[in-house]
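Novice: Here's my sequence, what's the structure:
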Amino acid sequence: MNGYNTHFNKKMDNIMLAFFYVIMIFGCEKNQNKITVSVDYINTKAVSIGFESIKSVGGFNVFVEGNKDIPVLGDFTSKGDKHTFFSIIPFAANQNYELRYDQEFVTQFTIEKFNVEDAPELLAIYPSKDTVPENLLKMYFIFSRPMQEVESALNFITITNTTTDTEESIFLKLEPELWNREHTQLTLWLDPGRIKTDLIPNKEKGLPIVRVNTYEIKILESWKDYNGNNLGKEYTKTVYALPGDYHKPILADWEISSPKSNTAHPLYIYFNESLDAILAKEVIYILNSDKEVVAGTYKLTNKETVVEFYPKSNWEKGNYILEVESKLEDLAGNNLNHLFDVDLKEGHNQDDTFTITTLNFAVN
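Specialist: Below you'll find the predicted structure:
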């Protein structure tokens, strides 16, 4: 009997050891799955997060709390079990984020809000003029500081047709939105499907804006920057829709006012129409007689109908070349090669070939 009890006790001891071993292993795995996120700040901007995990970094993504569809844009780096995620734009202050692995929730972290006295500003809206063609293609919004992308930008912009006293939805909702890398410049397209003739959206809804109508665009004060600060005020822009523009920009119609040599006076280029405010500063170059690019800065004036070029050094006497890339557009998206709205049924080919157009001028 004693031998039986001894055998039974040893068996029970083995079972208990196995049970405690399983509990210990489960506890270790649970601890390994528990992830703590650290947030890295640079000048009050939350730029990256760090965490440790034995899992492959390829399955991880970061999401704004409540949004499981679109992950935060950025890049992961790893060194062993230590992982770092660098967000392309700073994380939004006072906002909760979720770390997920293969879409499964892992942990949550919150971005600290720092006190910043001055409010962000809306520096400019392009086109800056208050009359636009009814086939206007896009608008630009320029801010003084990086803005949040927690919600759609369209949640902070309202459009009212004051002629008919109706709210309008003229902008195309894009995901992701078209921000520059610094997140200070937003590009909003008026729905191209409604602008291009004979497309279904155009047939069903017509143009986003209609000639002889006035539109009031409001940018709400509740829009926040990356640090959680509201815009200092509500901004309003009013535009009146003119008949559509169905003509390509023509360089032969431009005028150049040359400066005097041995001065750093600006070169003036008159377009004789308003052009795309962002492209106009990116696709125009000044070359000297040796075909070297002249260093300097560009400034758009007079409702984007004039560009002023300020050379870094004094002008030298001689011949110069003004080079313009063909992708330069007017307000309706017509570039130097083709119209934006082309009737392909009539055999018009939309030439997307990249070309350079030139004008010659002299500095005396």
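
Novice: Which helix or which strand is home to the nearest residue to residue 131 once chain neighbours are set aside?
Specialist: Leaving aside its chain neighbours, residue 131 sits nearest to residue 240 (5.0 Å; criterion: Cβ to Cβ, 6 or more residues apart in numbering). Quick note: C-beta positions are derived from backbone N, CA and C, even for glycine. Assigned by DSSP states H and E, residue 240 belongs to strand 235-242.

Novice: Mind giving me the packing neighbours of that strand?
Specialist: If contacts are counted by 3 or more Cβ pairs under 8 Å, 6 or more residues apart in numbering; DSSP states H and E, strand 235-242 sits against strand 122-126, strand 131-133, strand 214-219.

Novice: Pairing partners for that strand, with directions?
Specialist: strand 131-133 (parallel), strand 214-219 (antiparallel) (DSSP bridges).

Novice: circling back: residue 105 is nearest to which of the helices and strands packed on strand 235-242?
Specialist: With Cβ to Cβ, the closest approach to residue 105 among these belongs to strand 214-219: 34.5 Å.

Novice: hmm, who's touching the closest one?
Specialist: Taking contacts as Cβ atoms under 8 Å, 6 or more residues apart in numbering, the residues outside strand 214-219 that touch it are 122, 125, 141, 156-163, 168, 170, 209, 231, 234-241.

Novice: Buried ones only from these, please, as a ChimeraX command.
Specialist: Buried subset of the contacts of strand 214-219, written as a ChimeraX selection, criterion 16 or more other Cβ atoms under 10 Å:
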select :122,125,141,156,157,158,159,160,161,168,170,209,231,235,237,239,240,241
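
Novice: mind putting the strands paired with strand 235-242 in TSV, mean pLDDT included?
Specialist: Putting those into TSV (pLDDT from 0 to 100) gives the following:
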stretch	mean pLDDT
strand 131-133	97
strand 214-219	98
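
Novice: Just give the number of residues close to the residue nearest to residue 281 when sequence neighbours are not counted.
Specialist: Sequence neighbours aside, residue 298 is the residue nearest to residue 281 in space, at 4.6 Å (criterion: Cβ to Cβ, 6+ apart). Around residue 298 there are 17 other residues, counting by other Cβ atoms under 10 Å.

Novice: Residue 298 touches residue 311, doesn't it?
Specialist: No. Between residue 298 and residue 311 there is no contact under Cβ atoms under 8 Å: 10.9 Å.

Novice: which residue packs closest to residue 311, ignoring adjacent ones?
Specialist: residue 296 is the one closest to residue 311 (Cβ to Cβ, 6+ apart), at 4.2 Å.

Novice: List the pairing partners of the helix or strand residue 51 falls within within its sheet, with orientation.
Specialist: Per DSSP H and E: residue 51 is located in strand 45-52. If you go by DSSP bridges, strand 45-52 pairs up with strand 38-42 (antiparallel), strand 82-91 (antiparallel).

Novice: neighbouring strands for the very next helix or strand once past the last one, and are they parallel or not?
Specialist: Going down the chain from strand 82-91, the next helix or strand is strand 96-101, by DSSP H and E. Note on strand 96-101: by DSSP bridges, its sheet partners are strand 60-64 (antiparallel), strand 104-110 (antiparallel).

Novice: For the last one, give the mean pLDDT please.
Specialist: Translated: strand 104-110. Averaged over strand 104-110, pLDDT sits at 92.

Novice: If we go by neighbour counts, what in that strand is buried?
Specialist: Buried-residue list, strand 104-110, by 16+ other Cβ under 10 Å: 106, 109.

Novice: What lies in contact with that strand?
Specialist: 33-37, 39, 49, 51, 60, 65, 94-100.

Novice: again, 6 Å this time
Specialist: Strand 104-110 is contacted by residues 35, 37, 96, 97, 98, 99, 100 when judged by Cβ atoms under 6 Å, 6 or more residues apart in numbering.

Novice: I am finished for the moment; much appreciated.
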